[in-house]
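Enquirer: no FASTA, just this:
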């Protein structure tokens, strides 16, 4: 048999074998994706329980005006806990401004931070938050037992805490609204319930 023909046969065998390997890998990626589906904001098991009345607290904003959190009102509230030294927090600010515009009739976004006044002012100026409700102080964070950043809490107009969790991207932020519409504390809670129901 000619060497060129033999090498062509071996090459086709290798190509067919590689095609089977690629198909097996694609299948495994699909299986892994279904196992680790996007879970939304990560809810930590501490602080106020979801679907419970939100703690009511009044704190001063950066202009020394009172901001009421957790009270019944005309609109719901999205509390965004952040820090000027948190790069992920800063990366989420454009998404938060966009959400604030989209939900302006039904929702007030309250930025909550703590620490050095000068760095707060720099953050406000650099990210166009001059007109935003921006609280600098520990009262709200301590009341809601926030230990990690960035963290968001969604409170409805009746003063009920509807969703909360660590938020690292826009999808996590939007998952809070999805969880609220589904009546669950988080998308993880929903997914765990679905898995239990399937077994």
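Expert: Here it is on my side, so go on. Since we're looking at a predicted model, the values are computed, not measured. Numbers count the residues shown, from 1 in each chain.
Enquirer: does residue 152 count as helix, strand or coil?
Expert: When classified by DSSP: H, G, I helix; E, B strand; the rest coil, residue 152 comes out as strand.
Enquirer: ok, and the closest non-adjacent residue to it?
Expert: Nearest residue to residue 152, sequence neighbours excluded (C-beta to C-beta, 6 or more residues apart in numbering): residue 167, at 4.8 Å. Backbone N, C-alpha and C define where each C-beta goes, glycine included.
Enquirer: which residues does that neighbour contact?
Expert: 41, 80, 92, 150-152, 173, 176 (C-beta atoms under 8 Å, 6 or more residues apart in numbering).
Enquirer: Of those, just say which sits nearest to residue 143.
Expert: Ranked by distance to residue 143 (C-beta to C-beta), those are led by residue 151 at 13.0 Å.
Enquirer: Going by residue numbers, what spans are helices in this structure?
Expert: In the chain, the helices defined using DSSP state H lie at 3-35, 87-102, 117-126, 139-143, 170-182, 187-198.
Enquirer: Distance to residue 68 and neighbour count for the contacts of residue 167 - can I get that in CSV?
Expert: CSV is the format used below for the contacts of residue 167 (distance: C-beta to C-beta, whole Å; neighbours: other C-beta atoms under 10 Å):
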residue, distance to residue 68, neighbour count
41, 24, 29
80, 17, 25
92, 24, 22
150, 22, 25
151, 20, 25
152, 18, 25
173, 23, 23
176, 20, 25
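Enquirer: Which of those residues sits closest to residue 112?
Expert: Nearest to residue 112 out of those is residue 80 (C-beta to C-beta; 6.6 Å).
Enquirer: Would you quantify the distance from that closest one to residue 151?
Expert: Going from residue 80 to residue 151 by C-beta to C-beta, to the nearest Å gives 8 Å.
Enquirer: try residue 166
Expert: 6 Å.
Enquirer: Likewise for residue 113?
Expert: Distance from residue 113 to residue 151, by C-beta to C-beta: 11 Å.
Enquirer: Could you tell me which residues touch both of these two?
Expert: Contact criterion C-beta under 8 Å, 6+ apart; residues shared by residue 113 and residue 151: residue 81.
Enquirer: related to what we said a few turns ago, please tabulate the helices of the chain in TSV, including the columns mean pLDDT and distance to residue 56.
Expert: Shown next, in TSV, are the helices of the chain (pLDDT from 0 to 100; distance: least, C-beta to C-beta, whole Å):
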stretch	mean pLDDT	distance to residue 56
helix 3-35	80	41
helix 87-102	92	22
helix 117-126	92	24
helix 139-143	94	9
helix 170-182	85	20
helix 187-198	58	25
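Enquirer: nearest to residue 160, of the ones you listed?
Expert: Proximity to residue 160 (C-beta to C-beta) singles out helix 170-182 among the helices of the chain, at 9.8 Å.
Enquirer: Which other helices and strands does the closest one contact?
Expert: Applying 3 or more C-beta pairs under 8 Å, 6 or more residues apart in numbering; DSSP states H and E, one finds that helix 170-182 makes contact with helix 87-102, strand 151-155, strand 160-166, helix 187-198.
Enquirer: Which parts of the chain belong to which domain?
Expert: Following automatic domain parsing, the chain resolves into domains at 1-36, 52-198.
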